[in-house]
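Visitor: sequence plus the predicted model coming up.
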Amino acid sequence: MNNFKNIPELIFKLGGTGSVSKLLKTNPSTISNWKKNNKIPKSYINKLDILLRERNLNICNEYEDNTSITPIKKKSKFSILVIISGGVSCYKVLELIRLYYKNDFDIEVVLTKSAQKFITPLIVTSLINKKCFTELFSSEEEENMNHINLARNKDLILVAPCTANFIAKITHGIADDLASNIILASNSKILLAPSMNPYMWGNKATQDNLKILKQRGFDLIFPNSGIMACGENGAGRLPEINEIFSFTTNYLLKKKGMCYIGNQSQLKILITAGPTQEKIDPIRYVSNNSSGKQGYALAEEFLKLGAHVTLISGPTNINKPNVNNFIEVLSAEEMLSQVENNIDCDIFISSAAVCDWKLIPYNLKDKKMSNNDKLKKNEDMFFKLETNPDIIKYVSKNKKRPTLVIGFAAETKNLIQNATKKLEEKQLDMIIANLIEKENAVFGEEYNKIFIIDKQCNIQESEKLTKHEIANLIISKTLKLHEEIYAKNNNRKNITI
Ligand SMILES: Cc1cc2nc3c(=O)[nH]c(=O)nc-3n(C[C@H](O)[C@H](O)[C@H](O)COP(=O)(O)O)c2cc1C
């Protein structure tokens, strides 16, 4: 099978027959035959992919069938319509819409008449920077079809809080205001977050209505129990806003084929980020250019999904993210010790640029010198390189190994080869490879471009994106992989029972 259109041109681009035969460790005559027949054996296609990629040669045009390195696309925005009906917990939903807005959701909000007794369209507009819809009949011509337009092609329609009245109305197909018309005219998934007095919730009318709605495919976030605004105790409280946010985000990710089964708030993530600093003496140190931005972005994006995040960071100049557990360290040894303390997690991501070595001063008699005081420049001494602990290897080969161990590889050449070698040697589940070059400086930058390589050596290449967008790509791959392993383990359990 020939996957390349023009083999002679391809070989020319790679430096000619001699050079390609050396690179692929084959005879020059073999390469000449490929040129003559304009055909390459299937077993060499991946290797050629890698060579082209490493030389930054435009390979897209070379393929008839571009299968070995798949481009990964930036996550598209989620479109969500939030209908706020007239319950006492309306004010809490303002925080929810602010969260959607902050997280770049494409959000629209509709208020019922009763909801406007509790909150105003103006507050909504000031939170999402967009018009808030309230009227079925509008004096503005272009708004006269909002009951249809707003109903269409949303990733999700969320009704929160959803009143007993609204539940009753939509069960019976009543369409007497903008919100209920939208529900009737919708072609999107609808999620209800009911909230009401415990007696209203427990009333057979409400429960029967909900049964019917569930049969019709509506989804529900069940209310929590507790003391209500009216002072009564029981079921009917709106779930916490971060619960609704995690629930809906998970739902949307899953819908786009990007997610993980189960409750992500249970997922424990351990991330290392930033450089390490290896002390030479109390004043000097050896370090590297890592800014910590990619690792921090990963931590923040995981947190948004409701995961429990521990971030172990070397010294950086960027703002600390508001994670569950933020631990600052200096050296590789300190980082290792904190990783040991926090190894009990589901996913370990090593994005830190851990210094490979530290410098140990020796005198000319080859005796280790103390570095507790400042070393003087006229002292007769030299430095030996002492290898630092290999943190990711420690985690990967540990008895308490997390389900997934994911590494990063920053290389200036032979990117895929070196990253794949690291993946295999350290028994990682996935590696994120960065080619460090002029066009992709990575360190300290806001943007990044990555290759994601898995254990089966599938390679996916991203566009140049912000580090937060890159974090989302990594997270979606990670969660998919986690889901696969989780499902596999559960099947195994079923078989053994
Ligand atoms: C102070 C107050 C608080 C209310 N809270 C709730 C509530 O939490 N849940 C509910 O279902 N109804 C509640 N109601 C009743 C609804 O506002 C009422 O049923 C209204 O018709 C709902 O209209 P809508 O469904 O069109 O928004 C409350 C009423 C008042 C006066």
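Guide: That came through, no problem.

Visitor: next one: Pro41 from Leu48, what distance?
Guide: 10 Å (CB to CB, to the nearest Å). For glycine as for every other residue, the C-beta is placed from the backbone atoms N, C-alpha and C.

Visitor: counting neighbours, go ahead and name the busier of those two.
Guide: Leu48 (23 against 11; other CB atoms under 10 Å).

Visitor: how far off centre is stretch 360-367?
Guide: Taking CA atoms, centre = their mean, to the nearest Å, one finds stretch 360-367 lying 47 Å from the centre of the chain it belongs to.

Visitor: dump that stretch to PDB, keeping only the CA atoms.
Guide: Included here for stretch 360-367 are C-alpha records, laid out as PDB according to Å, rounded to 0.1, in the frame of the first residue of the first chain:
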ATOM      1  CA  ILE A 360      28.400  19.300  44.200                       C
ATOM      2  CA  PRO A 361      31.600  21.300  45.000                       C
ATOM      3  CA  TYR A 362      34.800  19.300  45.400                       C
ATOM      4  CA  ASN A 363      38.200  20.500  46.400                       C
ATOM      5  CA  LEU A 364      41.300  19.500  44.300                       C
ATOM      6  CA  LYS A 365      41.900  16.600  46.600                       C
ATOM      7  CA  ASP A 366      38.600  15.200  45.300                       C
ATOM      8  CA  LYS A 367      36.900  15.800  48.700                       C
END
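
Visitor: list of residues touching stretch 192-199?
Guide: Judged by CB atoms under 8 Å, 6 or more residues apart in numbering, the contacts made with stretch 192-199 from elsewhere in the structure are 87-89, 158-164, 167, 201, 206, 210, 213, 218-223, 228, 230, 232-239, 244.

Visitor: among those residues, which are in helices?
Guide: Cross-referencing the contacts of stretch 192-199 against helices under DSSP state H gives 164, 167, 201, 206, 210, 213, 244.

Visitor: just the contacts of stretch 192-199 that are near the ligand?
Guide: 87-89, 161, 163-164 (CB under 6 Å from any ligand atom).

Visitor: and which of these is nearest to Lys384?
Guide: Distances from Lys384 to these, taken as CB to CB, are shortest for Ser89 (65.2 Å).

Visitor: count the residues that sit near the residue nearest to that closest one when sequence neighbours are not counted.
Guide: Counting by CB to CB, 6 or more residues apart in numbering, the nearest residue to Ser89 once its immediate chain neighbours are dropped is Leu238, at 4.1 Å. Residues lying near Leu238 (other CB under 10 Å) number 24.

Visitor: and if you look at Asn317?
Guide: Residue neighbour count, defined by other CB under 10 Å, stands at 8 for Asn317.

Visitor: where does it fall, helix, sheet strand or coil?
Guide: Under DSSP: H, G, I helix; E, B strand; the rest coil, the three-state class of Asn317 is coil.

Visitor: what's the answer for the one 5 residues further on, then?
Guide: Under the three-state scheme (three-state DSSP), Asn322 adopts coil.

Visitor: any residues of the protein in contact with the ligand? List them.
Guide: Applying the criterion CB under 6 Å from any ligand atom, the portion of the chain that neighbours the ligand consists of 85-89, 112, 114-115, 161, 163-166, 195-196, 200.

Visitor: list just the nearest of those to Leu473.
Guide: For Leu473, the closest of those turns out to be Pro161, at 34.3 Å, with distances computed as CB to CB.

Visitor: my read: that closest one touches Val93, true?
Guide: Yes. With contacts counted by CB atoms under 8 Å, Pro161 reaches Val93, the gap being 6.6 Å.

Visitor: of the ones in helices among the contacts of stretch 192-199, just the buried ones, ChimeraX syntax please.
Guide: With 16 or more other CB atoms under 10 Å as the burial test, the buried ones among the ones in helices among the contacts of stretch 192-199 are selected in ChimeraX as follows:
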select :164,167,201,206,210,213,244
